[in-house]
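Engineer: compute the structure for the input listed below.
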Amino acid sequence: MSNQRTALVLGGGGITGIAWEIGVLAGLAEAGVDLGTADLVVGTSVGSVVGAQLTGGATLEEMYARQLEPPTQEKVARMTRSNLARYAWAMLVSRGRDVEFRRRVGALALAAEAAGLTPTEQERLEVIGSRLVAREWPDRALTITAIDAATGEFHPFDRESGVPLLQAVAASCAVPGVYPPVTIDGHRYVDGGMRSAANADLAQGYDRLVVLAPIPRGVGPMASVDAQVSGMLARVAVVAPDEGSRTAIGRNVLDPAAREPAARAGRTQAATVAQRVAEVWTG
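Structural biologist: Numbering: from 1, shown residues only. Here you go, the predicted model:
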């Protein structure tokens, strides 16, 4: 086992995705499967928040307890029908060209910000900062994903990138049309989930891989988790919300009020997947 490299991939899925992932991680640790020991952690969108917390010194029980606190600081956000229609149009006219699609949703994000339909960038940085336990990159391997809003190019950030951790996480969480793009070295960046909800292929070459995927499916040019891990030689376990977790998460993944039930459901679900995950992680 000593020469078996492990990777944990944390996908996107809104505020409830943070809670559910932390619940699963805490429940698995309670069952004797500590994914926090991963040699590599990949975080996309809100998965970047969980990844930064996990590698930044917070204990899983501390992280879990935070999800149970009343949501007093964050406002409810929502993916509107008009926003979803713009996404659909971007997919249609891009005709499967993934970079073109991402460039179009990047333009959507910039236009929404210019029209005052999103919080300000500074307001968003303050929200993301309140979620982090540290502002410096951890010594451990952490990769956070984002998209250049102007070009549609995919950018994985890590400690060697020179990008501040706060900006990297905020960029990865910048859902186009809901939150503003984030400025990094003069460029504007949006949600890494616009390439894939998990970007599990960044763990290529690792021997044991666990993916926590609040949104496992792919839509249009955004690759599904299964598509990204199907060709890997690694032992792989993908965990997505079960029926109980989906009910707890509800219809609006951006509603802070659903955080507590999502966290509790994730912890309950962990007991049902612990053996399967353990066989991949340590078996």
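
Engineer: quick one, what contacts the closest residue to Ala223 other than its chain neighbours?
Structural biologist: Take Ala223 and drop its neighbours on the chain: the residue closest to it by CB to CB, 6 or more residues apart in numbering is Ser196, 4.3 Å away. Every C-beta, even on glycine, is put in place using the N, C-alpha and C of the backbone. Listed by CB atoms under 8 Å, 6 or more residues apart in numbering, the contact set of Ser196 reads 44, 218, 222-225, 228.

Engineer: and the strands in the stretch 1-150 of the chain?
Structural biologist: With DSSP state E, counting those that start in this stretch as the criterion, the stretch 1-150 of the chain has strands at 6-10, 40-44, 141-148.

Engineer: turn the ones you listed into TSV, columns for distance to Gly17, mean pLDDT and mean neighbour count.
Structural biologist: Converted to TSV, the strands of the stretch 1-150 of the chain look like this (distance: least, CB to CB, whole Å; pLDDT from 0 to 100; neighbours: other CB atoms under 10 Å):
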stretch	distance to Gly17	mean pLDDT	mean neighbour count
strand 6-10	9	98	28
strand 40-44	10	98	29
strand 141-148	14	98	26
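
Engineer: would you format those as JSON lines with distance to Arg103 included?
Structural biologist: Below are the strands of the stretch 1-150 of the chain laid out as JSON lines (distance: least, CB to CB, whole Å):
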{"stretch": "strand 6-10", "distance to Arg103": "25"}
{"stretch": "strand 40-44", "distance to Arg103": "19"}
{"stretch": "strand 141-148", "distance to Arg103": "8"}
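
Engineer: nearest to Thr272, of the ones you listed?
Structural biologist: Thr272 lies closest to strand 6-10 among the strands of the stretch 1-150 of the chain, at 18.9 Å (CB to CB).

Engineer: just checking: what are the partner strands of the closest one?
Structural biologist: Taking DSSP bridges as the criterion, strand 6-10 pairs within the sheet with strand 40-44 (parallel), strand 208-212 (parallel).

Engineer: compare those strands and give me the one nearest Val280.
Structural biologist: Proximity to Val280, assessed across these by CB to CB, is greatest for strand 208-212 (5.7 Å).

Engineer: now His187: phi and psi?
Structural biologist: phi -110, psi 160 (degrees, to the nearest 10).

Engineer: and for it, the neighbour number?
Structural biologist: Each residue near His187 was counted by other CB atoms under 10 Å, and the total is 16.

Engineer: measure the residue nearest to it when sequence neighbours are not counted to Leu254 for me?
Structural biologist: With CB to CB, 6+ apart as the criterion, His187 has its nearest non-adjacent residue at 5.6 Å, and that residue is Asp148. Using CB to CB, to the nearest Å, Asp148 is found at 23 Å from Leu254.

Engineer: CSV for the strands paired with strand 6-10, including distance to Gln167?
Structural biologist: Rendered in CSV, the data for the strands paired with strand 6-10 read as follows (distance: least, CB to CB, whole Å):
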stretch, distance to Gln167
strand 40-44, 14
strand 208-212, 24
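
Engineer: closest one to Ala134 among those strands?
Structural biologist: strand 40-44 (14.0 Å).

Engineer: picking up where we left off before, compare the strands paired with strand 6-10 and give me the one nearest Glu61.
Structural biologist: Across the strands paired with strand 6-10, Glu61 has its closest neighbour in strand 208-212 (17.6 Å, CB to CB).
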